[in-house]
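Enquirer: fold the following and give me the result.
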Amino acid sequence: MTGKPPQRVRVTSPRMGAVQRPPYRPATHEIDEQTAVGELYVTALLRAQLRPSLLVLGGLVVTLGGLPLLFALLPDLAAVRVGPFPLPWFLLGVAVYPMLLLAAWWHVRAAERVERDFTEILRRR
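Expert: Got it, this is the predicted structure:
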């Protein structure tokens, strides 16, 4: 025995010299920090939600706005009665509500679909 302790050897990974990847940042972080990418995400979401809203609004304007025009062009329709009510009163007071419910139902489904797609895009990133 010589009395000398064994020489120490330093063991390292072959990847020690590799460039480190930046830390993982989820896409929601971009939105929270209000970066340019986050602003792009939010703008795309708002634009995608605007389309169904404008479709519903346009449909309601054409339908409800077209009724007075219809009765102005065809005045004989105003004399038609549905039960005890004149046709214009019946259409505006009763028949409009199922149409509004259908438009609201479609709009909610479209908005949920847009949000679901947006969430899926954020998860993939």
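Enquirer: give me the buried positions along stretch 83-98.
Expert: 87-88, 90-91 (16 or more other C-beta atoms under 10 Å). (C-beta placed from N, C-alpha, C; glycine too.)
Enquirer: in PDB, list the C-alpha atoms belonging to it.
Expert: Provided in PDB are the C-alpha atoms of stretch 83-98 (Å, rounded to 0.1, in the frame of the first residue of the first chain):
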ATOM      1  CA  GLY A  83    -107.200  33.600 -34.200                       C
ATOM      2  CA  PRO A  84    -108.300  36.900 -32.600                       C
ATOM      3  CA  PHE A  85    -105.100  38.700 -33.700                       C
ATOM      4  CA  PRO A  86    -104.100  40.400 -37.000                       C
ATOM      5  CA  LEU A  87    -101.200  38.600 -38.700                       C
ATOM      6  CA  PRO A  88     -98.700  41.400 -38.100                       C
ATOM      7  CA  TRP A  89     -99.400  41.400 -34.400                       C
ATOM      8  CA  PHE A  90     -99.200  37.600 -34.300                       C
ATOM      9  CA  LEU A  91     -95.900  37.500 -36.100                       C
ATOM     10  CA  LEU A  92     -94.300  40.200 -34.000                       C
ATOM     11  CA  GLY A  93     -95.900  39.200 -30.700                       C
ATOM     12  CA  VAL A  94     -95.800  35.400 -30.800                       C
ATOM     13  CA  ALA A  95     -94.000  33.900 -33.800                       C
ATOM     14  CA  VAL A  96     -90.800  35.900 -33.300                       C
ATOM     15  CA  TYR A  97     -89.900  34.200 -30.000                       C
ATOM     16  CA  PRO A  98     -89.300  30.700 -31.300                       C
END
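Enquirer: ok, and what's touching it?
Expert: 64, 67, 71, 77-82 (C-beta atoms under 8 Å, 6 or more residues apart in numbering).
Enquirer: run the chain-centre distance for that stretch.
Expert: 34 Å (C-alpha atoms, centre = their mean, to the nearest Å).
Enquirer: what's Arg81 sitting at in phi/psi?
Expert: Main-chain torsions, Arg81, degrees, to the nearest 10: phi -120, psi 140.
Enquirer: same check, this time on the one 3 residues further on
Expert: Backbone geometry at Pro84, expressed as degrees, to the nearest 10, gives phi -90, psi 0.
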